[in-house]
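Q: Fold the following, please.
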Amino acid sequence: METVNIHQAKTNLSRLLSRVELGEEIIISNRGVAIAKLVPFSSSYNRRSSLGQDRGRFVVPEDFNASLPEDILAAFEGSQE
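A: Modelled structure (predicted):
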């Protein structure tokens, strides 16, 4: 992981971004203190491949939208004695 100062980052931003696009991470520093890190942006493409992988592991019960029993409802509403 390379560290560059702000002036180098401003001067060579296009080159640095090309390197980051290939997977490299670059630290930008100000007077020797790290202030930012350029990292590749993860596209939603990777996320799409994971969607639906848990399909069938959970089944929504038929009574999912049914009213709560009175004692539980009272406890939620704070009217339980």
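
Q: Quick check: which ranges of this structure have low pLDDT?
A: Residue ranges of the chain with pLDDT under 70: 43-49, 80-81.

Q: And the strands in it?
A: Remark: strands assigned in the chain by DSSP state E are 2-5, 26-30, 33-38.

Q: quick check: angle from the longest one to strand 26-30?
A: Angle between the axes of strand 33-38 and strand 26-30 is 150 degrees (criterion: axes from the mean of the first three to the mean of the last three Cα atoms, to 10 degrees).

Q: which strands and helices sit next to strand 33-38?
A: For strand 33-38, the elements it packs on are helix 13-21, strand 26-30, judged by 3 or more Cβ pairs under 8 Å, 6 or more residues apart in numbering; DSSP states H and E. Where you see a C-beta, it was placed from the backbone N, CA and C, and this is true even at glycine.

Q: What about residue 26, how many residues nearby?
A: 19 (other Cβ atoms under 10 Å).

Q: show me what contacts it?
A: Residue 26 is in contact with 1, 2, 3, 4, 9, 16, 19, 20, 37, 38, counting by Cβ atoms under 8 Å, 6 or more residues apart in numbering.
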